[in-house]
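>>> The sequence and its predicted three-dimensional model are supplied below.
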Amino acid sequence: MAAPASSSTAANPSTSTSASPPGTQQPPVAVVTIGMAGSGKTTFMQRINAHLHQKQQGGSTSAPPYVLNLDPAVRSVPFDSNIDIRDSVNYKEVMKQYNLGPNGGILTSLNLFSTKIDQVLGILEKRCLPKEDGKAVPSHVLVDTPGQIEVFVWSASGNILLSSLASSFPTVIAYVIDTPRSTENTSTFMSNMLYAISILYKTKLPMILVFNKTDVKDESEAVEWMRDFEAFQTALKKEEEEEREGSGYMNSLLNSMSLVLEEFYNALSVVGVSSMTGEGVDKFFEAVEAKREEFDKEYRPELEKRRKEAEQQRAELRAKDVSRMMKDMQVSSKSKGTGKYATRPAPEEPETVSDAEAMDEDEVEGGLEDPDEDDMDAAEEEEAWKQSMQARYEAAVQESQGPAATLRSADYIKRSQG
Ligand SMILES: Nc1nc2c(ncn2[C@@H]2O[C@H](COP(=O)(O)OP(=O)(O)OP(=O)(O)O)[C@@H](O)[C@H]2O)c(=O)[nH]1
């Protein structure tokens with residue numbers, strides 16, 4: 001792989017000494033780069049990383065970008081990463097040990113890495129979120145992902161990584177497209193757009209379409225096809241006239257889809273970039289800023305809503321668990337004569353006739369018991385026992401599953417990292 005963009009320096013936020021007045025800094029935007037293999041994702045990452053480094057050296061008040069590499073299979077990356085999945089997971093060893101192919105190896109490596117998401121977030125928050133001391137923090141967190149998009153976007157671990165990131169930082173997806181290849185014909189273009197839609201709806205995060213390699217072919221045709229339905233139809237007709245095999249059916253499908261996709265196109269920002277020459281990178285960062293605002297206005301409330309719903313579902317589940325446990329305890333204490341049933345010892349069985357006579361006498365001596373009074377005591381006793389057990393179960397379940405436990409484990413990890 002060529003490495004045309006100027007090579008970046010090591011991203012080391014600790015080298016930055018500039019400080020801003022407390023409260024004036026914004027949290028960085030996380031830019032997650034996704035794209036098909038060969039679209040130029042890595043070159044694009046290198047370019048935007050170098051751009052931000054240059055800005056920082058040119059006197060920007062932000063620290064250099066914080067870089068995460070989530071591609072376990074990449075041999076070498078032409079930029080320095082602050083957090084690299086390859087430092088935690090050995091992709092080749094994973095393939096060998098679990099007897100997996102390349103995609104299974106990437107997926108399992110991501111799964112293993114996502115189990116450390118608490119630690120990763122802890123480090124990211126410590127390094128990148130603005131602090132009281134006003135020390136400069138990065139303006140961007142750049143995330144590179146595996147070229148096998150489906151492995152990342154449609155896996156549980158990809159989902160965990162993205163949603164965790166979005167819970168701490170405004171997060172934007174940069175979907176990189178190979179412009180010369182995707183505008184070769186209308187069906188390749190449409191396939192790429194459908195892929196982008198599926199990512200948009202799966203991740204539910206703001207997206208920028210990055211038409212890359214504009215030094216070879218600019219993005220104007222692609223943008224025209226998106227914004228002007230008639231231009232797309234003209235291109236389709238042209239292809240029809242060339243009488244490609246099966247074009248009749250395909251063309252009517254593409255025709256209908258281009259109408260349906262209008263809504264989706266409106267939700268996207270589109271920029272043309274050459275990762276090779278650096279052209280269009282400024283525009284890309286303008287689009288990122290616009291998407292940050294969109295994230296704060298539209299996506300964050302939605303995320304909050306989803307988080308609250310999940311919290312409510314967990315609370316309902318906990319309540320169900322507690323009532324199931326209560327039922328189980330009552331059944332088992334009844335059958336074993338323990339719990340509340342242990343408060344009243346079972347009468348001893350007489351072993352001899354004289355024992356039986358003596359027991360009868362005892363009962364007479366004690367007089368007749370009021371059955372109602374006994375029942376009242378038992379009912380009260382049962383209620384009190386139930387309440388105390390329920391309170392103890394609820395506390396125990398909350399301790400083991402609730403946010404307190406999560407916070408404690410996150411705290412522990414942060415403390416153990418010093
Ligand atoms: N002309 C031109 N070539 C580019 C540009 N960006 C990337 N390339 C070339 O496209 C090829 C693929 O680039 P990569 O950055 O490796 O693409 P990738 O998407 O990371 O590929 P994977 O690592 O396989 O996922 C390389 O030969 C790059 O030099 C660009 O803006 N212009």
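Yes, it's here.
>>> Over to Gln26. Which of the three states is it?
coil (DSSP: H, G, I helix; E, B strand; the rest coil).
>>> How about the contacts made by it?
Shown in contact with Gln26 (CB atoms under 8 Å, 6 or more residues apart in numbering): 130, 139. (C-beta placed from N, C-alpha, C; glycine too.)
>>> My understanding was that Val271 contacts Asp282; is that so?
No. At 9.6 Å, Val271 does not count as touching Asp282 under the criterion of CB atoms under 8 Å.
>>> So those two - more neighbours on which side?
Between Val271 and Asp282, Val271 has the larger neighbour count (other CB atoms under 10 Å), namely 22 against 12.
>>> show me what contacts the more buried one?
By CB under 8 Å, 6+ apart, the residues touching Val271 are 208-211, 219, 280, 283-284, 287.
>>> Can you list which of those are found in helices?
Under the assignment DSSP state H, the contacts of Val271 contribute 283-284, 287 to helices.
>>> tally of neighbours for the residue of the chain found nearest the ligand?
Closest to the ligand within the chain is Gly147: 2.6 Å, counting by CB to the nearest ligand atom. Using other CB under 10 Å, Gly147 has 19 neighbouring residues.
>>> same thing with the one 4 residues further on?
The burial metric for Val151, expressed as a neighbour count using other CB under 10 Å, is 21.
>>> is it true that it touches Ser109?
No. At 9.7 Å, Val151 does not count as touching Ser109 under the criterion of CB under 8 Å.
>>> picking up where we left off before, by neighbour count, which of the contacts of Val271 wins?
In these, the most neighbours by other CB under 10 Å go to Val210, 32 neighbours.
>>> Give me the spatial nearest neighbour of it, chain neighbours excluded.
Spatially, and ignoring its direct neighbours in sequence, Val210 is nearest to Val176 (4.7 Å; CB to CB, 6 or more residues apart in numbering).
>>> Now do the helices in the stretch 101-250 of the chain.
102-114, 117-128, 149-153, 156-168, 179-182, 186-203, 220-227, 229-241, 247-260 (DSSP state H, counting those that start in this stretch).
>>> Flag every buried residue along the second one.
By neighbour count with 16 or more other CB atoms under 10 Å, helix 117-128 contains the buried residues 119-124, 127-128.
>>> The residues you listed into TSV, with extra columns for distance to Asp228?
Shown next, in TSV, are those (distance: CB to CB, whole Å):
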residue	distance to Asp228
Gln119	48
Val120	43
Leu121	43
Gly122	48
Ile123	46
Leu124	41
Arg127	45
Cys128	41
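>>> could I get those as TSV with distance to the ligand and pLDDT?
Output for those, formatted as TSV (distance: CB to the nearest ligand atom, whole Å; pLDDT from 0 to 100):
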residue	distance to the ligand	pLDDT
Gln119	26	90
Val120	22	91
Leu121	25	90
Gly122	29	91
Ile123	25	92
Leu124	23	91
Arg127	25	89
Cys128	24	90
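>>> farthest pair in these?
Gln119 and Cys128 (14.5 Å; CB to CB).
>>> Can you report how many residues lie near Pro72?
Other residues close to Pro72 by other CB under 10 Å number 24.
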